[in-house]
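1. sequence? don't have it. structure:
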C-alpha cells in the first residue's frame, strides 16, 4: 500500500458482485463463475472472477464524472468454482488513465502509458525479488501493450507460473464500458 500510494495511486474498495456478461468479458474460458443462488438483481448475479471487471467499472465511473487523471488500486478477492466448492483468491488490481505528468514550467504533459504501468509494477515487484515479463496476455488487453508477469527470485531463476497480467484495455472493452480514453 505504501509503495502504491507513493507512486500516486489511491486505494478503492469495490463490491465484488457483478453482472455475468461483464464478468465473462474478463474471465478465462476454462474458468467457471461463482453464481449467486438467489441474486437481488440481474446485474448482480455472479461474484467477480477477476479484479479487472470492477476496476474497469470504477475507471469508467471516474472518467464519466469528470476525473481525467486517475490511478487506482484495490486489494481484494476473486471468486471461482472448481466443480465441487468455491475458491477465493486474494489479488491486487491496478487501474490508471489520463496523464502521467501534467504540464509544468519546464515540462510538457505526457499521457500515462503501458510503459508507466510496467515501471510501477517493477517497483512493486522488488518486494518479491523482482518480476519477469513475457509479451502477450488475455484477449481483453491490446496485444502490443500487454504482458504476463511471473515471479523472479533472482536473475537465474524465473518462475514459469504466471501471477498476473498487465496492459492497456482493448478497444472492444473500452467501447463496452464507454471509456473515452485509454486505460
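-> All right, it came through fine. Everything numeric in this text was worked out from a predicted model, so none of it was measured.
2. secondary structure element for residue 62?
-> With secondary structure defined by DSSP states H and E, residue 62 is part of helix 51-64.
3. so how far is that helix off the chain centroid?
-> 10 Å (Cα atoms, centre = their mean, to the nearest Å).
4. Run the angle between the next helix or strand after it and helix 51-64 for me.
-> Moving toward the C-terminus from helix 51-64, the first helix or strand encountered (DSSP H and E) is strand 70-81. Note on geometry: by axes from the mean of the first three to the mean of the last three Cα atoms, to 10 degrees, strand 70-81 and helix 51-64 are set 150 degrees apart in direction.
5. Remind me what the helix holding residue 62 packs against, helices and strands.
-> Using 3 or more Cβ pairs under 8 Å, 6 or more residues apart in numbering; DSSP states H and E, the elements in contact with helix 51-64 are strand 17-18, helix 20-26, strand 70-81, strand 86-97. Every residue, glycine included, has its C-beta placed from N, CA and C.
6. any idea how far the second one is from the chain center?
-> Taking the mean of its C-alpha atoms, helix 20-26 sits 14 Å from the chain's own mean (Cα atoms, centre = their mean).
7. What are the contacting residues of it?
-> With Cβ atoms under 8 Å, 6 or more residues apart in numbering as the contact definition, helix 20-26 has outside contacts at 33, 35, 45-46, 48-50, 52-53, 56-57, 138, 140, 173, 176.
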